[in-house]
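Engineer: my questions concern the predicted model and sequence given below.
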Amino acid sequence: MYALKVSINGREPVTGGATDLCVLSAILSLTGKLGPEAAPRRDDGSVDIDLRLGGLTARANGAADEHLGWLRTNLQAGDVVSIRVVETDLADPVISGHEAERIADDERAYFEHCKKAYLEMREKYEPTSGA
């Protein structure tokens with residue numbers, strides 16, 4: 001199977017992978033005021049640097065798929081992240097996971113999915129007035 005080995009500052013790598021994956025990603029995100037001309041909504045002067053290693057399964061025979069996670073950590077300026085693509089039979093244990101929502105491929109089923117989400121969040125974003 002394909003896997004990703006992620007190492008931070010030369011430490012022992014974390015290997016993410018599974019035999020039933022269809023997506024595997026290492027995502028490094030920086031948020032906050034990253035440059036002098038940036039005007040983020042939240043401007044408390046902080047910068048968040050977040051690294052995640054995760055994936056999504058594609059299981060056969062209608063079995064429930066999952067979003068899996070092997071690593072989630074905060075970093076700071078100067079940290080060195082190394083990512084190696086490998087083929088291996090072994091990966092580290094998953095540290096988090098939750099069932100993936102299935103969205104049907106056909107247009108009507110997708111419409112019904114969106115309608116349900118809209119109705120669930122409607123009051124939050126379209127509060128009714130007392131008038």
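Structural biologist: Cool, the structure landed.
Engineer: ok, A58 touching A18?
Structural biologist: No - judged on C-beta atoms under 8 Å, A58 makes no contact with A18 at a distance of 10.3 Å. In short, each C-beta sits where N, CA and C put it, glycine included.
Engineer: what about the two, which has more around it?
Structural biologist: A18 (16 against 12; other C-beta atoms under 10 Å).
Engineer: roughly how far out does the worst-scoring helix or strand of the chain on mean pLDDT sit from the chain middle?
Structural biologist: Ranked by mean pLDDT, DSSP states H and E, the weakest helix or strand in the chain is strand 96-99, scoring a mean of 82. Distance of strand 96-99 from the chain centroid (C-alpha atoms, centre = their mean, to the nearest Å) equals 11 Å.
Engineer: check stretch 54-70 too.
Structural biologist: The gap between where stretch 54-70 is centred and where its chain is centred comes out at 13 Å by C-alpha atoms, centre = their mean.
Engineer: same check, this time on stretch 85-96
Structural biologist: For stretch 85-96, the separation from the chain centroid amounts to 17 Å (computed by C-alpha atoms, centre = their mean).
Engineer: now it: buried residues?
Structural biologist: Neighbour-count burial for stretch 85-96 flags A91, D92 (criterion: 16 or more other C-beta atoms under 10 Å).
Engineer: try stretch 21-31
Structural biologist: Buried residues in stretch 21-31, counted by 16+ other C-beta under 10 Å: L21, L24, A26.
Engineer: so can I have TSV of the residues you listed showing distance to G62, pLDDT and secondary structure?
Structural biologist: Shown next, in TSV, are the buried residues of stretch 21-31 (distance: C-beta to C-beta, whole Å; pLDDT from 0 to 100; DSSP: H, G, I helix; E, B strand; the rest coil):
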residue	distance to G62	pLDDT	secondary structure
L21	17	94	strand
L24	22	97	strand
A26	29	98	strand
